[in-house]
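K.L.:
need the 3D shape of this:
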Amino acid sequence: MSRIGKKLIEIPKGVTVTHTGNTIKVKGLKGELTRDLHPNITMEMKDEIITFTRPNDLKETRALHGLTRALVNNMVLGVTEEFKKTLDIVGVGYRAEMKGSNLFINIGYSHPIYFMPPEGVTLLTPTQTQIVVSGIEKQLVGQVAAKIRSFRKPEPYKGKGIKYSDEMIQRKAGKTAGK
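P.N.:
Next comes the predicted model:
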């Protein structure tokens, strides 16, 4: 059995889970998420506990067993408490600010970058050098954070660029003075 796939998911109070066919719908205080499950994985709900089973031990089915459980668990966590990723901007003159719901970033290019977040993701700038990406769908939050980071990835010599707040940049030594 998959170690992750055989774990139980407890449904917290205030969250409703409905399962019809291969579609699961999770509704909570923060919002509502739906997902289609793979037909090989069966889901059972008893007394506010969700379990997943698989019909055989084929490699693909074993992989889907843990994946399905993790996706549904992330849905339950997302509607109870939002997922957040924090980005730090490092560099002289680099800054970000919100203009309406859009993000305005100056990161050393000849032009500013305007970023419009997709629906379901909110962006905040508590300081000029920090961006907080939050939402109820974990995959979408990570994708938006990665997209913002890709505008100016941190470079290894001075560490300038956009990095995750918990990311460690491996620094390189620069050129040494001549002969």
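K.L.:
secondary structure element holding the one residue sitting closest to the centre of the chain?
P.N.:
Most central in the chain under Cα atoms, centre = their mean is Gly142, positioned 3.0 Å from the mean C-alpha point. Using DSSP states H and E, Gly142 sits within helix 138-150.
K.L.:
tell me the mean pLDDT over the very next helix or strand once past that helix?
P.N.:
Using DSSP H and E, the next helix or strand after helix 138-150 towards the C-terminus is strand 161-164. The pLDDT scores in strand 161-164 average 96.
K.L.:
change the start of the numbering to 3 and stick with it
P.N.:
All right, first residue 3 from here; so that's strand 163-166.
K.L.:
other SSEs contacting the helix holding Gly144?
P.N.:
With contacts defined as 3 or more Cβ pairs under 8 Å, 6 or more residues apart in numbering; DSSP states H and E, the packing partners of helix 140-152 are helix 61-82, strand 85-92, strand 123-126, strand 132-137, strand 163-166. No exception for glycine: its C-beta is placed from N, CA and C like everyone else's.
K.L.:
picking that back up, hmm, Lys87 and the residue nearest to the centre of the chain touching each other?
P.N.:
Yes. Gly144 is within contact range of Lys87, at 6.6 Å (criterion: Cβ atoms under 8 Å).
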